[in-house]
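J.: okay, predicted coordinates and the sequence, questions at the end:
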Amino acid sequence: MNKDYFGIAERVIREKTNSRFSKGRQNHLTRSDFSIISNNCWAGTVYRYFGLPYQSPTAGLYFFGTEYVKFAGDLRHYLNTPIEFIDSCDSAHYETLKSRNELSKPVGIIDDVEIVFLHYPTPEEARAKWERRVERVNWDNLFIKFSQMNDCREEDLRAFDSLEHTNKICFTAMRRPDIACSVYHPASVRGGGEKQMIRIALHKDSI
């Protein structure tokens, strides 16, 4: 059995047992009103893991690397700009979406940033969840998380590292001592390893 199989199995088991163990896990938190701004579905995973309400719109979706860094670098602008939805055939990432069999996924756009709503069946549901969760963002307790995936480039890693957010982390596919906010995690490129990433964030007192 390969690592992908075990990763999928781990996620299934975790999701099925979250409701039983989430309250106990909250004891490891120093605060519970944090808003995670994540480049992929990790934000939703964290909230479910601890049994907390979603206080971030970045759940069940993903950004491409360069656009996420722009988004994270000017959060108030992007979160205060209405989201629109486009046909996936008009996406700047059409070829990638096609290769992933994701052309049926809702694609949102805010200014010059595209968002792929991976786990939402329709643009209407994606918009409703996005807008409701934007209102919940706690601007006084943000945690900004990036991973080296979805066409992430070297310049994206460096640009993220230079963002002025004080509470941020970047999971990279190799050890990068030159990127101050980086933490090595082998699943950074392919996805997975969410539980380990949560533990790392806790250890760093990020969440």
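T.: The structure has been received and is ready for your questions. In this text the structure is predicted, and so the values were computed from the model without any measurement. Numbering: from 1, shown residues only.

J.: roughly how far out does the helix or strand hosting Glu125 sit from the chain middle?
T.: Taking DSSP states H and E as the criterion, Glu125 maps to helix 123-134. Centre-to-centre, helix 123-134 and its host chain are 16 Å apart (C-alpha atoms, centre = their mean, to the nearest Å).

J.: helices or strands up against the helix or strand that it is followed by?
T.: Sequence-wise, the next helix or strand downstream of helix 123-134 (DSSP H and E) is strand 142-147. For strand 142-147, the packing partners by 3 or more C-beta pairs under 8 Å, 6 or more residues apart in numbering; DSSP states H and E come out as strand 35-38, helix 42-50, helix 65-73, strand 168-172. Any C-beta I mention is one placed from the backbone N, CA and C, and that applies to glycine too.

J.: for Leu29, which of these is the nearest?
T.: helix 42-50 (6.5 Å; C-beta to C-beta).

J.: list the contacts of the closest one.
T.: 14-15, 18, 22, 25-26, 29, 32, 36-37, 52-56, 58-60, 119, 145, 147, 194-195, 197-198, 201, 207 (C-beta atoms under 8 Å, 6 or more residues apart in numbering).

J.: got the helices and strands packed on strand 142-147 as CSV, with distance to Asn80 columns?
T.: Output for the helices and strands packed on strand 142-147, formatted as CSV (distance: least, C-beta to C-beta, whole Å):
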stretch, distance to Asn80
strand 35-38, 14
helix 42-50, 19
helix 65-73, 12
strand 168-172, 21
